[in-house]
Structures are given as structure tokens and as C-alpha cells.
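Engineer: Provided below for reference: sequence and predicted model.
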Amino acid sequence: MLNIEAIRAQFPALHRQVAGQPAVFFDGPAGSQVPQSVADAVSHYLLHVNANTHGSFVTAHESDAMLAEASQAGADLVGATDPDEITFGANMTTLTFALSRAMAQTWSKGDQILCTRSEHDANVSPWLLAARDAEVEVQFVPMRDDTTLDLDALDELLSDRTRLVAVGAASNATGTRHPIATITAKAHAHGAQVFVDAVHFAPHALMDVTAWGCDFLACSAYKFFGPHVGLLWGRREFMEALPAYRVRPASNEIPDRWMTGTQNHEGIAGTIAAIDYLASLANTDESLSRRQALALAFEEIKQHETPLLQRLMTGLAELEKITVWGIRDPARLAERLPTVSFTHADHTPLAIAQKLGERGIFVWDGNYYALEVTQSLGLEPDGMVRVGLLHYNTEREVEHLLGALRALG
Ligand SMILES: Cc1ncc(COP(=O)(O)O)c(C=O)c1O
């Protein structure tokens, strides 16, 4: 079992107060808080290292070593065996635009790209724009009524013209998980590549590019207790062959050919610390590899998050005026993450977020860039209220939220 009090003690932000009450951070899907160890790693790099790469002096060597360690940590996090397959960048959106621009150079008129209606727009717009440039068609896999992806429709849409399926590991709006291994097998049967947006998934469960069989995956450290840094994994053969947009003097080796300009070294140092923080949650005396520790840690996270999600769902179900959008069946909670979006019969999402915000409960409202989701559900322009639970949240906080919602009438 996770020792939540000891964990919370590592996160200075969790001790903030709003209007004399402890702040409740249910805004994790937009960005998690960081433990002290992450801030220490960032500050250590800035104050004691802070150099460019490939120089002939000690701080440059230390920067090279830090980046090599970060690649290994990233590979351990996503389940890759080759650290050179890890690229860091500004954020998932920027990395995905860079990848999409390069991929578009390899597509031909008449090819087809598949997106889904369950995506954050960072896994839609890059493909729409790349497809426009390459004169390639884009089709969307719809959601079923329960917000799961319609895999029968995927079967119908896939053809030998399909070059790419872009799919999220989980929706940042509904929390619905997508069956990546199944989708990958279907796509590969038609010779299509699979790009996975794991940004929302990453703080909750173990990513596994090997088991999923996908070709590319992107996530963001600031969603898994790290700094504002994006991470892209891609199969070596593709990352080496794709025509990356780069400056001429830069190395053409992976990952350098994708890591344009000087990177956010301090953020990358903090990303190592974030991955090590996650591994530390394994809470065992056994000596484990970082990957093994991460696997155990995510089991512990699930053990903590699941009862919180159950309590949140039963509490919301008792509130007649609230409609939860997404998987509601208590028997199917394993198919979703503890991110819950809802609307209220009498109050707009913005009004609810503001009322809760005044009470120190941080939730998001709107579409959180999951535009395809809110459009499909007919919920534009107001969107939904989103409550995102992370492992540092507590049952007391969930009860506090439910009490505040009950008070809305
Ligand atoms: C599911 C999902 N994908 C992509 C993104 C974009 O990530 P970034 O801010 O790193 O570009 C987000 C951010 O909220 C997200 O939730």
C-alpha cells in the first residue's frame, strides 16, 4: 500500500491553502505537481552544471551523461529496450508536429490517415495539417455511446491505403482507455503505422511499447510529476529513416536529428528525477531494475486510485442533476482511468469550476483541447467539468468535492 501521507509530504504544493482550507488538486490531467526531488534535480543542474553538449570540459561531459541517463530513464518508462529511440522536446504537441511534418514527406496522394474522435487535439491537428500538405485523406474512428472506440468502424476504415493510425492510450476528457495492442495488430495487418498519445495515460499505468507493438509514442513529463518536457519514442528504423527537419551542422544520428536546437537540459534532468520518483513508489526492499520498480509502482498506484474512483463515481451517481460522460458501469471501471467529466443540469461547467475554485478545489472546465470528444457528445461550447485524480489525492478530498457539489443543489 502507498503511504499517502509520506508521499504528500514530498510535494510542497500540496500544502497550499485557499481561503483557510487545504487546496485540493484535481487538475492533474492539465499538469501534476512535482515532488521536492524533481525541483532539486532541476536546480542542481542549473546551479552546478548548466552547459551545452559535446564540449571538451567537465560540465559538458556531465550534460552528455545526464542526457544519456535521461534516454535510459525514458526507455525504462515506456518499455523500450533501445535508449536511442527516446527523443526529448518542448512538449508532446511540438514533438508530434515535428514527426507529422517528417512523415508527410513519405506519404503520397491517395494515402489515408486514421484519427479517432476520442483524442486530444494534439493527436489530431498535426495529422490534419500534415495530411493537407501531402494531399492525404483523414478519416475518424467514432466513439460508441459509452465513449469507447468503435473497433468495428476501425475495421471498416482500415485499408491498404492506411499509412497511420493515431490513437490515444486514454482520453484526457472521459478517462476511457483504448485497447492499443488490439488496435496496433489491426493496423499492422494493413501495413499501417501506429502513433500513440500516452500523455493522459502516463501518470496512471505502465506504458509498454513492446507489449503494445506500436511504432511511435509520445508523453509529457509535466503530467507525470516532472517538469515541462515532452518525450517521443519511435522505432529506430523509422526514427533513422524519416526526413527529420533539422539544421545542417547538427548530428544526423538518433536521437540528435530530432532534438532540434539546445534542449531544456534542466527540465530533462528533472524528468529523470520524476521517473525515479515513480520507481520509488514500488516500496520494496528487493533490488529491482528501474523498469521492474516502475511496474510494481504502477500496481500500487492502481490500488490507491481505484477505490478513490469508485467513491467518486458512486458519489456523483447519487447527485441527480449530474451527468457523467464516459464509462459509468461500476463493473467496468478497469476500462477507464480516474479522470471523470460531468455536466450539471442547472450550472455551466465554468460556473461550477469557479465555485469549486473559490473553495480551493481545482477542477477544469471546457473541452481541455479534446475538441473531437466534446463535439461528438454535443457539449460544445461549454464542455464539461473535469475531475482528475492522481495517486497523491485522498478519500477526504473526494468527500470534500462531493460535499461541495451537493451544496450546489
Ligand atoms: C491526452 C493529451 N494529449 C496531448 C496533450 C498535449 O500535451 P503537451 O502539453 O505536452 O503538448 C495533452 C495535454 O493536456 C493531453 O492531455
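Structural biologist: Nice, I can see it. Numbers count the residues shown, from 1 in each chain.
Engineer: Run through the neighbouring helices and strands of the helix or strand containing residue 385.
Structural biologist: Take DSSP states H and E as the rule and residue 385 turns out to sit in strand 384-388. Counting contacts by 3 or more Cβ pairs under 8 Å, 6 or more residues apart in numbering; DSSP states H and E, strand 384-388 is packed against strand 339-344, helix 349-358, strand 364-366. Glycine gets a C-beta too; all of them are placed from N, C-alpha and C.
Engineer: most packed of those?
Structural biologist: Most buried of the helices and strands packed on strand 384-388 by mean neighbour count (mean count of other Cβ atoms under 10 Å) is strand 339-344; its value is a mean of 24.
Engineer: Name the residues of the strand holding residue 385 that are buried.
Structural biologist: For strand 384-388, the neighbour count (16 or more other Cβ atoms under 10 Å) marks 384, 385, 386, 387, 388 as buried.
Engineer: So the last one is in contact with residue 368, correct?
Structural biologist: No: using Cβ atoms under 8 Å, residue 388 is not in contact with residue 368; the gap is 9.4 Å.
Engineer: can you count the residues close to the nearest residue to residue 15 once chain neighbours are set aside?
Structural biologist: The shortest distance from residue 15 to any non-neighbouring residue, by Cβ to Cβ, 6 or more residues apart in numbering, is to residue 22 (7.6 Å). Neighbour count of residue 22, defined by other Cβ atoms under 10 Å: 15.
Engineer: go on, residue 13?
Structural biologist: Residues near residue 13, counting by other Cβ under 10 Å: 13.
Engineer: cool, residue 96 as well?
Structural biologist: Residue 96, neighbours per other Cβ under 10 Å, totals 26.
Engineer: With adjacent residues omitted, what lies nearest to it?
Structural biologist: residue 126 (4.5 Å).
Engineer: so that neighbour makes contact with residue 100?
Structural biologist: Yes: counting by Cβ under 8 Å, residue 126 does reach residue 100; the two are 3.8 Å apart.
Engineer: where along the stretch 1-150 of the chain do the strands fall?
Structural biologist: 17-18, 21-22, 24-25, 86-89, 112-116, 137-141 (DSSP state E, counting those that start in this stretch).
Engineer: Put together a markdown table for those, with mean pLDDT on each row.
Structural biologist: As requested, the strands of the stretch 1-150 of the chain are exported to a markdown table (pLDDT from 0 to 100):
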| stretch | mean pLDDT |
| --- | --- |
| strand 17-18 | 96 |
| strand 21-22 | 93 |
| strand 24-25 | 98 |
| strand 86-89 | 98 |
| strand 112-116 | 98 |
| strand 137-141 | 98 |
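Engineer: who wins for proximity to the ligand among those strands?
Structural biologist: Of all the strands of the stretch 1-150 of the chain, strand 86-89 sits nearest to the ligand, with 9.0 Å by Cβ to the nearest ligand atom.
Engineer: So that closest one, near the ligand or not?
Structural biologist: No: using Cβ under 6 Å from any ligand atom, strand 86-89 never reaches the ligand; the gap is at least 9.0 Å.
Engineer: For that strand, which strands pair with it and how are they oriented?
Structural biologist: Strands that pair with strand 86-89, judged by DSSP bridges, come out as strand 230-234 (antiparallel).
Engineer: what angle separates the strand holding residue 385 from helix 349-358?
Structural biologist: 40 degrees (axes from the mean of the first three to the mean of the last three Cα atoms, to 10 degrees).
Engineer: Which residues of the stretch 201-350 of the chain lie near the ligand?
Structural biologist: Residues of the stretch 201-350 of the chain lying near the ligand (Cβ under 6 Å from any ligand atom): 220, 230.
Engineer: returning to that earlier point: now for the residue nearest to residue 15: which residues touch it?
Structural biologist: 15, 16, 360 (Cβ atoms under 8 Å, 6 or more residues apart in numbering).
Engineer: Okay, and the residue most central in space within the chain sits in which element?
Structural biologist: A centroid search over the chain (Cα atoms, centre = their mean) returns residue 199, at 1.2 Å, as the residue closest to the centre. In the assignment (DSSP H and E), residue 199 maps to no helix and no strand.
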